[in-house]
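>>> structure here, sequence nowhere to be found:
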């Protein structure tokens, strides 16, 4: 009788996936301390054939592939539909990540209950809660369904057996870090377990044409826990943003093979769960102080939807040698660039001033169209002069102090007019390209100093 091959021992970094043959106190790839965990690998016997993947391994010409455009599975939430690109694509693998307690499980349990029906059963697998705990959470959310099946299990083989028996229309795994395969000796949540379990769910999704939604934990730095290959493996990566202490949550598509990555979904957290926010601009501006200095309204475009948000700035004399530059909801490096433009082109002496910037409502501004509003808020706080309360600021700032054009200006101006704004400070744009609402005034400025002369 042939002797069994000896198991190999390797050490895998739980932060970046680096593999070492000996233990190291610090990972030589990412620099994390005490992140290498011992894993035992049993070599496969020779001649063993790996299981069949989703389709036959044959090369097929592109024009010979059978193609039938399938309808998406609509979700109960309009905001969730918007982020996914119109609904769930059958056979897709979706990964939802976010900080603990931000609402991942709440949203998915709501959608599972509302989407389930007699011809479309939904299987919700919880590796962190028992049946009673999940039922208690469902009662708090006010949802109930006889076609939503709960499974409290962490063994992936048992989960796949239940899928084979139940044949659901949607599978939700909460969370992928709690799943494990008995064939591997490493602990649940390790790099090997997360990668192999996600690969198995990918095969199930493609072979059975079953949409699978995975919940993923995030690290203390805000990145998705597990190997980076997990993000490349899924079809759609959704990220929850927002502060747990605020009412609003933003669901952003970081990757979407079947839709746009510019769309966001906005939800409001209440005692009965997450609810869609149909008009986010009105809610973000509801508590705005119209007479305070350091406040300006900008219009950012998230996918196909314009959103108006308030930008708040506070400029005060620094009590330390090095002035502080703090930004919440805006990139710190971009803020430093805009401060340099203000000091060089406008003459504002900000070198001895602390500058604090905040985007109200927990929104994160990534679009350059918010530049003009941000520098206006900073100058307003520096001069202690309030800007016109019914004005909106749209434009990108260049290093020479020029105001650059941004796309879809017409859509932004109509959104501002709908919310009661009367004036817009924008870069030069052909007036024939704009269909302005009645009574709405547009002030076009080429340079930043020109806009400041008209604003202040």
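Yep, it's here. Model, not experiment: these values are computed from the prediction.
>>> pLDDT-wise, which helix or strand of this protein ranks last?
Lowest on mean pLDDT, DSSP states H and E among the helices and strands of the chain sits strand 36-41, with a mean of 77.
>>> state the mean pLDDT of whichever helix or strand comes after that strand.
Next helix or strand after strand 36-41 toward the C-terminus (DSSP states H and E): helix 78-84. Averaging pLDDT along helix 78-84 gives 93.
>>> swap in stretch 94-106?
Stretch 94-106 comes out at a mean pLDDT of 90.
>>> the strands in the stretch 301-450 of the chain, which residues?
305-317, 325-328, 353-359, 391-393, 396-397, 403-404, 423-426, 441-444 (DSSP state E, counting those that start in this stretch).
>>> which other helices and strands contact the fifth one?
Other elements packing on strand 396-397 under the criterion 3 or more CB pairs under 8 Å, 6 or more residues apart in numbering; DSSP states H and E are helix 371-383, strand 403-404. Heads up, the C-betas are built off the backbone N, CA and C, glycines and all.
>>> now with 10 Å, please.
Judged by 3 or more CB pairs under 10 Å, 6 or more residues apart in numbering; DSSP states H and E, strand 396-397 is in contact with helix 332-341, helix 371-383, strand 403-404.
>>> likewise the last one?
Under the contact criterion of 3+ CB pairs under 10 Å, 6+ apart, the helices and strands touching strand 441-444 comprise strand 423-426, helix 448-455.
>>> now the third one
Under the contact criterion of 3+ CB pairs under 10 Å, 6+ apart, the helices and strands touching strand 353-359 comprise strand 305-317, strand 325-328, helix 332-341, helix 371-383.
>>> switch the cut-off to 7 Å
Strand 353-359 sits against strand 305-317, strand 325-328, with contacts defined as 3 or more CB pairs under 7 Å, 6 or more residues apart in numbering; DSSP states H and E.
>>> any chance of the ones you listed in TSV, plus mean pLDDT and mean neighbour count?
Shown next, in TSV, are the helices and strands packed on strand 353-359 (pLDDT from 0 to 100; neighbours: other CB atoms under 10 Å):
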stretch	mean pLDDT	mean neighbour count
strand 305-317	94	20
strand 325-328	94	15
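>>> quick one: which of those is nearest residue 367?
Nearest of the helices and strands packed on strand 353-359 to residue 367, taken as CB to CB: strand 305-317 at 10.0 Å.
>>> what residues does that closest one touch?
Outside strand 305-317, the residues within contact range by CB atoms under 7 Å, 6 or more residues apart in numbering are 280-281, 284-285, 288, 294-300, 352-361, 363, 370, 373-374, 377-378, 381-382, 392, 411-412, 415-416, 419.
>>> are any of those residues buried, and which?
280-281, 284-285, 294-300, 353-361, 363, 370, 373-374, 377-378, 381-382, 392, 412, 415-416 (16 or more other CB atoms under 10 Å).
>>> which stretches of the stretch 101-250 of the chain form strands?
Using DSSP E, counting those that start in this stretch, strands in the stretch 101-250 of the chain cover 122-126, 148-152, 170-174, 212-216, 236-241, 248-256.
>>> for the fourth one, which strands pair with it and how are they oriented?
Sheet pairing here is set by DSSP bridges, and for strand 212-216 it gives strand 93-97 (parallel), strand 170-174 (parallel).
>>> my guess is residue 299 contacts residue 416. True?
Yes. Counting by CB atoms under 7 Å, residue 416 is a contact partner of residue 299 at 5.9 Å.
>>> now do the shared contacts for those two.
What both residue 299 and residue 416 touch, as defined by CB under 7 Å, 6+ apart, is the set 308, 392.
>>> could you list the domains of this protein?
8-41, 71-278, 287-455 (automatic domain parsing).
>>> and the ones you listed, which one's lowest on average pLDDT?
Among these, domain 8-41 scores lowest, at a mean of 82.
>>> in that domain, which residues are buried?
Going by 16+ other CB under 10 Å, domain 8-41 has these buried residues: 10-15, 17-18, 27, 35-37, 39.
>>> quick check: the farthest pair among those residues?
10 and 15 (15.7 Å).
>>> could I get the domains of the chain as JSON lines with distance to residue 59?
JSON lines is the format used below for the domains of the chain (distance: least, CB to CB, whole Å):
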{"stretch": "domain 8-41", "distance to residue 59": "31"}
{"stretch": "domain 71-278", "distance to residue 59": "18"}
{"stretch": "domain 287-455", "distance to residue 59": "37"}
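>>> closest one to residue 65 among these?
domain 71-278 (14.4 Å).
>>> my guess is residue 40 meets residue 185, correct?
Yes. If you go by CB under 7 Å, residue 40 and residue 185 touch, sitting 4.7 Å apart.
>>> in this protein, which helix is the longest?
Counting residues, the longest helix found in the chain (DSSP state H) is helix 191-208.
>>> output the contacting helices and strands for it.
Going by 3+ CB pairs under 7 Å, 6+ apart, helix 191-208 lies up against strand 93-97, helix 156-166, strand 212-216, helix 229-233.
>>> switch to 10 Å and redo it
In terms of contacts (3+ CB pairs under 10 Å, 6+ apart), helix 191-208 is packed against strand 8-13, strand 36-41, strand 93-97, helix 156-166, strand 170-174, strand 212-216, helix 229-233.
>>> hang on, the earlier thing: now render the strands paired with strand 212-216 as a markdown table, adding distance to residue 72.
Shown next, in a markdown table, are the strands paired with strand 212-216 (distance: least, CB to CB, whole Å):
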| stretch | distance to residue 72 |
| --- | --- |
| strand 93-97 | 12 |
| strand 170-174 | 12 |
